[in-house]
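1. Give me the fold of what follows.
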Amino acid sequence: SLSTKIAVPRITLAARQELWVIWNADPRVPTVASRHAWAVSRNVSPLRVDQWFCSRRSKAKKLGQPISNDTYELSLE
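-> A predicted model of the protein is given here:
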């Protein structure tokens, strides 16, 4: 069986900068549904946005920075 890799586009620079602003203001991971809605509203891959938040949480953990397990609704504004 051939497994085809589907190229998932990277997060745009503008979206990445916006994610950093969001994270620096509130270093928690938003709900899956709100992350996906945010991604779609900005025309970026929900998968990449999930990965971005996962990376932030993992790096914070490695640096010994406690991250709350509370989630929240990411605003589409």
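2. R35 and V49, how far apart?
-> Taken as CB to CB, to the nearest Å, the spacing of R35 relative to V49 amounts to 5 Å. Using the backbone N, CA and C atoms, a C-beta is placed for each residue, glycine as well.
3. quick one, which of those two is more surrounded?
-> Ranked by neighbour count (other CB atoms under 10 Å), R35 and V49 place V49 first, with 23 against 20.
4. Okay, the more buried one and P66: tell me how far apart.
-> Counting by CB to CB, the separation of V49 from P66 is 23 Å.
5. Repeat that for A15.
-> To P66, A15 is 26 Å away according to CB to CB.
6. Equivalent analysis for S41, please.
-> Note on S41: its distance to P66, by CB to CB, is 30 Å.
7. neighbour-wise, which of these two wins?
-> Each of S41 and P66 has its neighbours counted (other CB under 10 Å); S41 has more, 11 against 8.
8. can I assume the more buried one is in contact with L74?
-> No: shown here, S41 and L74 do not form a contact pair, counting by CB atoms under 8 Å, at 9.8 Å.
9. and the lengthiest helix in the chain, what does it pack onto?
-> As assigned by DSSP state H, the longest helix anywhere in the chain is helix 46-62. Counting contacts by 3 or more CB pairs under 8 Å, 6 or more residues apart in numbering; DSSP states H and E, helix 46-62 packs against helix 13-25, helix 32-41.
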